[in-house]
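Asks: Sharing a model prediction with you, sequence too.
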Amino acid sequence: MAAVTKPSGSTGRAVVRFVILLVLGVFFLLPLFAMAEFSTRGVGGARSLASWSGIVDDPDLVESILVSVQLAVASSLVMLVLLVPTMTWIRLRLPKLRRLVEFLCLLPVAIPAIVLVVGMAPLYAWVNYFLGDSPLTLTFAYAVLVLPFAYRAIDAGLSAIDLKTLAEAARGLGASWGTVLLRIVVPNIRTALIGASLLSVALVLGEFTIASLLNFDTLQVQVNLLGKRDAGVSIAVSLLSLLFAFVLLFLLSFIGRRRRDTAVEEG
Amino acid sequence: MVAPVTTAVGGSEKASPGRGPGRTWLAWLVVVPFLAYVGTFLLYPTVLVLAGSFQDSDGAFTLDNLADLTRGVYLQAFLRSVELSAVTALLGAVFGALLSWAVAVGKPEGLLRRVVVAGAGVLAQFGGVPLAFAFLATIGFQGFVTQFLRDSFGVDLFATGAWLFELPGLTLVYTFFQIPLMVIVFLPALDGLRPQWREAVDSLGGSSWTYWRHVGGPILLPAFLGSLLLLFANAFSAYATAAALVSQGSPIVPLQIRGFLTGEVLLGQENLGKALGLGMVVVVGVAMGLYALLQRRFARWQR
């Protein structure tokens, strides 16, 4: 397609492109295919779905999936409650703080999770002393982990709307700050909020480092544990969680695109 | 809390956005929950690690922990981590750049691009443990490719030892998430290349080579080098995939830290794990700082 509009060396380019896509396509799809093959192995070379039905037959695994899903929802909510009012307020009233908040939100990128967990271990001794040792207390740590992703998504959303004018108009008509936030800001940046939440969900469902080293049984911890005795089930769950994350991000690509189009129209 | 702010602003928000000492104070209150949260769950653990690196078991100041990093197994682990990160960053950057190009010349709204970008996001950012199992299913002892090569060609993948569970295996598996990360960070840079520049080179009689040598290449170089640094930092910080793959021994720094957290600690070395953490933060921090600099340099061309 692109070759039609660009005359110079178009055939050569199409060939090079094809080779790159083919080689890397095989490199990336082969392991996924192997996972499907491995997880459907039966006795004596037959195909079997035992590993897949094994997912729901293992109460520990089902429990850990439920825990991870609850964690994903809770972490997304905590993230939204922390970031949306703060980021909105900073754009409206405290632009001086923007640099600081951005720095804090992007900081987890520079501090590897494996390092953070070293410092979190003593902190969690206190958290678990006061709040019990439910795995859901991981929400506190996960809301921090998702900050960089969520910040970028919400920041892009807020940049795409004329926040100051919207807020002033609403305030002029007598709306309280709470109304401005919930009924003006949130609906206008909803696609960004959905994006931030989907990214958070995907990140929490895939998180292993902190959960495993603080000894909480989340999905990935169970998958890793299970791999030691029944590789088939572990591989089935692994494939499932990769596909699930893929679907989330694939949906996100449509949402993201739509938002950018609106931004262009408005700009 | 909300009401006084309301009266203070009263329609003249643009003129004086919260001047007066009392109003500023109230405006800051809104940010307090966020700052308190980040302070507790991000800054406090970080400070604990950094401060602990300089303390002995009794909490007194010492440089012994850091001195230990410069010798023996810890130095080796750091060297191995740097080697693993550098090699996979280079492989990831080269192949990732090629893949980005192959995607960028296609339709911007096309299915190929959507699938590649979404897939890259999954593998680069949310892979972790499943990636280790992906490779166990492929080239593990009972893996699909292992069996295929053994049954069809009599080739034993593990003739030279259990390399999948050592540094060579980590290199392969890390490359599997480094290439996708390169696509994510490098694709926007490629999109920033204007078709007009290419057309200008064409109309002046330049070849594809002329274009990449004198226009595309020089413009993309800072972005490429920046991405290289980001990939390095990414591999250096990675833990989950390595932890799931390597259960015996601790060839790289993150796995050394695991050892300290799961109880293999010698008396008097309680804070050595924190010193390892400090070492990681320094390496990652330097890489990310340089990345930010290069990114700013490249931003000129995207205006």
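Replies: Looks like it arrived, so ask away.
Asks: alpha carbons only for contacts and neighbour counts from here, please
Replies: OK.
Asks: okay, and for the chain, where does confidence drop off?
Replies: The chain I'm using is chain A. Along chain A, segments meeting pLDDT under 70 span A:1-9, A:256-267.
Asks: To clarify, I was referring to chain B.
Replies: Residues of chain B that meet the criterion pLDDT under 70 lie in B:1-23, B:264-268, B:298-303.
Asks: can the helix ranked longest in it be found next to chain A?
Replies: Longest helix in chain B by number of residues (criterion: DSSP state H): helix B:72-104. Yes. Using Cα under 8 Å from any Cα of the partner chain, helix B:72-104 reaches chain A at B:98-99, B:102.
Asks: By neighbours, which of those residues wins?
Replies: Within the residues of helix B:72-104 next to chain A, most neighbours by other Cα atoms under 10 Å in any protein chain shown means residue B:99, with 24 neighbours.
Asks: Just the terminal-to-terminal distance for stretch B:148-157.
Replies: 10 Å (Cα to Cα, to the nearest Å).
Asks: Distance from that stretch to the middle of the chain?
Replies: Between the centre of stretch B:148-157 and the centre of its chain there are 36 Å (Cα atoms, centre = their mean, to the nearest Å).
Asks: what sits up against that stretch?
Replies: Residues from elsewhere that reach stretch B:148-157 (Cα atoms under 8 Å, 6 or more residues apart in numbering or on different chains): B:139, B:146.
Asks: that older thread, for whatever helix or strand comes next after the longest helix of chain B, which residues meet the burial criterion?
Replies: Downstream of helix B:72-104, the next assigned helix or strand under DSSP states H and E is helix B:111-125. The neighbour-count check on helix B:111-125 (16 or more other Cα atoms under 10 Å in any protein chain shown) flags B:113-125 as buried.
Asks: Next, format those residues as JSON lines and append distance to residue B:239.
Replies: Formatted as JSON lines, the buried residues of helix B:111-125 follow (distance: Cα to Cα, whole Å):
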{"residue": "B:113", "distance to residue B:239": "29"}
{"residue": "B:114", "distance to residue B:239": "28"}
{"residue": "B:115", "distance to residue B:239": "26"}
{"residue": "B:116", "distance to residue B:239": "24"}
{"residue": "B:117", "distance to residue B:239": "23"}
{"residue": "B:118", "distance to residue B:239": "22"}
{"residue": "B:119", "distance to residue B:239": "20"}
{"residue": "B:120", "distance to residue B:239": "19"}
{"residue": "B:121", "distance to residue B:239": "18"}
{"residue": "B:122", "distance to residue B:239": "16"}
{"residue": "B:123", "distance to residue B:239": "14"}
{"residue": "B:124", "distance to residue B:239": "13"}
{"residue": "B:125", "distance to residue B:239": "12"}
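Asks: Next, the angle from the longest helix of chain B to helix B:111-125.
Replies: Helix B:72-104 runs at 170 degrees relative to helix B:111-125, counting by axes from the mean of the first three to the mean of the last three Cα atoms, to 10 degrees.
Asks: For stretch B:227-236, C-alpha coordinates in CSV please.
Replies: Taking C-alpha atoms only, stretch B:227-236 is exported to CSV below (Å, rounded to 0.1, in the frame of the first residue of the first chain):
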residue,chain,number,x,y,z
SER,B,227,15.8,3.9,23.6
LEU,B,228,19.0,1.8,24.0
LEU,B,229,19.4,3.3,27.5
LEU,B,230,15.8,2.7,28.4
LEU,B,231,16.1,-0.9,27.3
PHE,B,232,19.2,-1.3,29.4
ALA,B,233,17.5,0.1,32.5
ASN,B,234,14.5,-2.1,31.8
ALA,B,235,16.5,-5.3,31.6
PHE,B,236,18.6,-4.3,34.6
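Asks: and stretch B:86-97, how far out from the chain's middle?
Replies: The answer for stretch B:86-97 is 13 Å, by Cα atoms, centre = their mean.
Asks: How about residues contacting it?
Replies: Against stretch B:86-97 from outside (Cα under 8 Å, 6+ apart): B:171-172, B:174-183, B:186-187, B:224, B:227-229, B:231-232, B:235.
Asks: which residues does the residue in the stretch 1-150 of chain B positioned nearest to chain A contact?
Replies: Nearest residue of the stretch 1-150 of chain B to chain A: residue B:45, at 3.9 Å (Cα to the nearest Cα). For residue B:45, the contact set (Cα under 8 Å, 6+ apart) comprises A:116-120, A:123.
Asks: hmm, 7 Å instead?
Replies: By Cα atoms under 7 Å, 6 or more residues apart in numbering or on different chains, the residues touching residue B:45 are A:116, A:119-120.
Asks: now do residue B:200
Replies: If a contact means Cα under 7 Å, 6+ apart, then residue B:200 has no contacts.
Asks: For it, give its distance to chain A.
Replies: Using Cα to the nearest Cα, to the nearest Å, we find residue B:200 at a distance of 12 Å from chain A.
Asks: C-terminal to the helix or strand that residue falls within, what's the next element?
Replies: Residue B:200 is part of helix B:195-203 when elements are defined by DSSP H and E. Using DSSP H and E, the next helix or strand after helix B:195-203 towards the C-terminus is helix B:208-211.
Asks: buried residues in that next one?
Replies: Neighbour-count burial for helix B:208-211 [16+ other Cα under 10 Å]: B:208, B:211.
Asks: picking that back up, and the residues of helix B:72-104 next to chain A, which is closest to residue A:106?
Replies: Distance to residue A:106, by Cα to Cα, is smallest for residue B:99 among these, at 27.2 Å.
Asks: who are the neighbours in contact with the closest one?
Replies: Residue B:99 makes contact with A:20-21, B:183 under the criterion Cα under 7 Å, 6+ apart.
Asks: Please list the members of those that lie in helices.
Replies: A:20-21, B:183.
Asks: Just the buried residues of the contacts of residue B:45.
Replies: A:116, A:119-120.
Asks: For chain B, tell me which of the residues you listed show up nearby.
Replies: A:116, A:119-120 (Cα under 7 Å from any Cα of the partner chain).
Asks: And these, which is closest to residue A:235?
Replies: Nearest to residue A:235 among those, with distances taken as Cα to Cα, is residue A:116, at 28.3 Å.
Asks: Quick check: the closest one touching residue B:48?
Replies: No. Between residue A:116 and residue B:48 there is no contact under Cα atoms under 7 Å: 9.4 Å.
Asks: Need the three-state assignment for whatever residue of chain A ends up closest to chain B.
Replies: Closest to chain B within chain A is residue A:119: 3.9 Å, counting by Cα to the nearest Cα. Under DSSP: H, G, I helix; E, B strand; the rest coil, residue A:119 falls in the helix class.
Asks: give me the element the residue positioned nearest the centre of chain A is part of.
Replies: By Cα atoms, centre = their mean, the mean C-alpha position of chain A lies nearest to residue A:199, the distance being 2.4 Å. Taking DSSP H and E as the criterion, residue A:199 maps to helix A:190-206.
Asks: helices or strands up against the helix or strand just after that helix?
Replies: Moving toward the C-terminus from helix A:190-206, the next helix or strand (DSSP H and E) is helix A:209-213. Contacts defined by 3 or more Cα pairs under 7 Å, 6 or more residues apart in numbering or on different chains; DSSP states H and E place helix A:209-213 against helix A:113-131.
Asks: Heading C-terminal from the helix it packs on, find the next helix or strand.
Replies: According to DSSP H and E, the helix or strand after helix A:113-131 is helix A:138-145.
Asks: Quick check: buried residues in whatever helix or strand comes next after that following helix?
Replies: Going down the chain from helix A:138-145, the next helix or strand is helix A:147-159, by DSSP H and E. Residues A:147-151, A:153-158 are the ones in helix A:147-159 that count as buried (16+ other Cα under 10 Å).
Asks: Can you get me a residue count around residue A:178?
Replies: 12.
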